[in-house]
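# all I have is the shape, not the residue letters:
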Ligand SMILES: Nc1ncnc2c1ncn2[C@@H]1O[C@H](COP(=O)(O)OP(=O)(O)OP(=O)(O)O)[C@@H](O)[C@H]1O
């Protein structure tokens, strides 16, 4: 695995901080699928990855390299074909892990309010407390006026906000986010990136965030890992040197552009390789 070190002319908070205790350990994980009459597809690995407690890890990689597969394996929604995943959770909450899916994963027959309340209800909180938390998240994500609407009446971006609100409302110890902002327009995406930064800085949960946007990864992450073409492995791992609390202003820092260039240098050949593999099929 290539390690891309942060630039030496930057005094990084990450350099000074003691290593965080490990929260998630993925060891030699692989995953294969049999898709219809096609031969076996090796989607992932072998992949090793350690994620520290309260770390915000961003994962980038070419389309189809196994990012969602990795996230689902961490979430326990998919079993690895080989290898293992260990997650430390406190045992204090009934739902320690929440996931925001690419395709929203919300229930069309439930109102916005009921969707956001779902995890809270399952976690057994009293109704008055749930109502307060739901109202808070509806407000933060600009959904208050749509609380009683059904998802069918919402735009894609609004549905995704419902999905994000539902995951954040339960205040999980580990938050897994699969391209949560991909369907949003550029302006709303920036607003929600800034909101997520503020939320994370206030609560410091462990986050694994998959994105195609290198800018988004550098803005949000403590670390960015780059995955290879399928079967996805980690080929680069960079520590993001921007201090916390961080704001959207880092987007204009010259170092931001430099790091984006470094990430793209790692990723470019993998995107081409993944594209060529797809073309040969
Ligand atoms: N349930 C499944 N059955 C068969 N093949 C699958 C299944 N899930 C994923 N795959 C295959 O595994 C590979 C990795 O898929 P995955 O969705 O994890 O990639 P990804 O990196 O998240 O892609 P994208 O960035 O386009 O969302 C792909 O070739 C995909 O077709």
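Sure, I can see it. Computed from a predicted model, the values in this text were never measured in an experiment.
# drop to CA atoms for contacts and neighbour counts, all remaining ones
OK.
# what about the helices in this structure?
13-16, 67-75, 112-122, 127-140, 156-169, 186-203, 214-220, 254-280 (DSSP state H).
# which one of these lies nearest to the ligand?
Nearest to the ligand among the helices of the chain is helix 67-75 (3.7 Å), distances taken as Cα to the nearest ligand atom.
# which one of the helices of the chain has the lowest average pLDDT?
Mean pLDDT is lowest for helix 13-16 among these, at a mean of 42.
# hang on, the earlier thing: deepest of the helices of the chain, which one?
helix 156-169 (a mean of 24; mean count of other Cα atoms under 10 Å).
# so which residues on the chain come close to the ligand?
Proximity of the chain to the ligand, by Cα under 6 Å from any ligand atom, involves residues 33-35, 43, 63-69.
# now, the most widely separated pair of these?
Distance extremes for the residues of the chain next to the ligand: the farthest pair is 34 and 63 at 18.6 Å, using Cα to Cα.
# those two: which is more packed in?
Between residue 34 and residue 63, residue 63 has the larger neighbour count (other Cα atoms under 10 Å), namely 15 against 10.
# quick check: the residue nearest the centre of the chain vs residue 133, distance?
Centroid check for the chain by Cα atoms, centre = their mean gives residue 209 as the closest residue, at 1.6 Å. Using Cα to Cα, to the nearest Å, we find residue 209 at a distance of 23 Å from residue 133.
# residue furthest from the geometric center of this protein?
Most peripheral residue of the chain (Cα atoms, centre = their mean): residue 37, 31.9 Å.
# please report how far residue 82 lies from residue 44.
10 Å.
# and the closest residue to residue 131 other than its chain neighbours, how far is that from residue 212?
Leaving aside its sequence neighbours, residue 131 sits nearest to residue 117 (Cα to Cα, 6 or more residues apart in numbering; 7.8 Å). Shown here: residue 117 relative to residue 212, a distance of 29 Å by Cα to Cα.
# next: residue 150.
Residue 150 is 29 Å from residue 212, by Cα to Cα.
# equivalent analysis for residue 68, please.
12 Å.
# do residue 22 as well
25 Å.
# ok, residue 98 next?
Taking Cα to Cα, one finds residue 98 at 21 Å from residue 212.
# who's more crowded, those two?
Using other Cα under 10 Å, the more surrounded residue of residue 98 and residue 212 is residue 98, with 22 against 17.
# from what I can see the more buried one touches residue 169, true?
No: between residue 98 and residue 169 there is no contact, the gap being 9.7 Å when judged by Cα atoms under 8 Å.
# for residue 41, what are its contacts?
Counting by Cα atoms under 8 Å, 6 or more residues apart in numbering, residue 41 touches 32-35.
# ok, residue 29 - contacts?
44-48, 80-85.
# from those, which single one is nearest the ligand?
Distance to the ligand, by Cα to the nearest ligand atom, is smallest for residue 44 among the contacts of residue 29, at 7.0 Å.
# what's the separation between that closest one and residue 254?
Taking Cα to Cα, one finds residue 44 at 34 Å from residue 254.
# before we move on, the earlier item: nearest to residue 103, of the contacts of residue 29?
Closest to residue 103 out of the contacts of residue 29 is residue 44 (20.8 Å), distances taken as Cα to Cα.
# burial check on the closest one, number of neighbours?
With other Cα under 10 Å as criterion, residue 44 counts 28.
# hey, what's it bridged with?
residue 31, residue 232 (DSSP bridges).
# just use 433 as the starting number from now, easier for me
Renumbered: residue one is now 433, and that last one reads residue 476.
# was I right to think it contacts residue 458?
No: if you go by Cα under 8 Å, residue 476 and residue 458 don't touch, sitting 11.9 Å apart.
# so what sits against both of those two?
Contacts common to residue 476 and residue 458, judged by Cα under 8 Å, 6+ apart, are absent.
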